[in-house]
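Engineer: Structure for the following, please:
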Amino acid sequence: MAQAKAKPAAPSAAESLANIHALFNAQSRGGMMYDHLPQEVRATLCFGARLSRNHVSMKLADMNDVDRAKLHRTINKLGESLKNLQSCPLSEFH
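Structural biologist: Numbers count the residues shown, from 1 in each chain. Below you'll find the model as predicted:
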């Protein structure tokens, strides 16, 4: 009777997340999402956070803590502010 081959153990959740981040060339979930935003969206966010034009092409992980905090604060402000406008139909948007 042939013995069944032992299956390799599944990676842990932490290992799986690390593999996903490496696959998308990002260090965090936020970095992965931010780094893949369209340039015009990143430019808008950086402008709102009063960051330089150089920041638009930077990865989130390459920014310092202060710049990341400014960007995070701007994203949260815009998100809250735009929720109501998002549901407004074009016919009422004048």
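
Engineer: so which strand or helix has the residue nearest the centre of the chain?
Structural biologist: Centroid check for the chain by CA atoms, centre = their mean gives residue 33 as the closest residue, at 2.3 Å. Residue 33 belongs to helix 29-35 when assigned by DSSP states H and E.

Engineer: any idea of the mean pLDDT for that helix?
Structural biologist: Average pLDDT, helix 29-35: 87.

Engineer: Neighbours of residue 68, how many?
Structural biologist: 18 (other CB atoms under 10 Å). Bear in mind the C-beta positions are built from the backbone N, C-alpha and C, glycine included.

Engineer: Actually, residue 61.
Structural biologist: Counted with other CB under 10 Å, the neighbours of residue 61 add up to 16.

Engineer: wait, it sits on residue 32?
Structural biologist: No. The pair residue 61 and residue 32 fails to qualify as a contact (CB atoms under 8 Å) at a distance of 9.9 Å.

Engineer: hmm, back to that, from residue 42, how far out is the residue nearest to the centre of the chain?
Structural biologist: 11 Å (CB to CB, to the nearest Å).

Engineer: Kindly report the same for residue 70.
Structural biologist: For residue 70, the distance to residue 42 - CB to CB - is 14 Å.

Engineer: tell me which element residue 76 falls in.
Structural biologist: helix 65-86.
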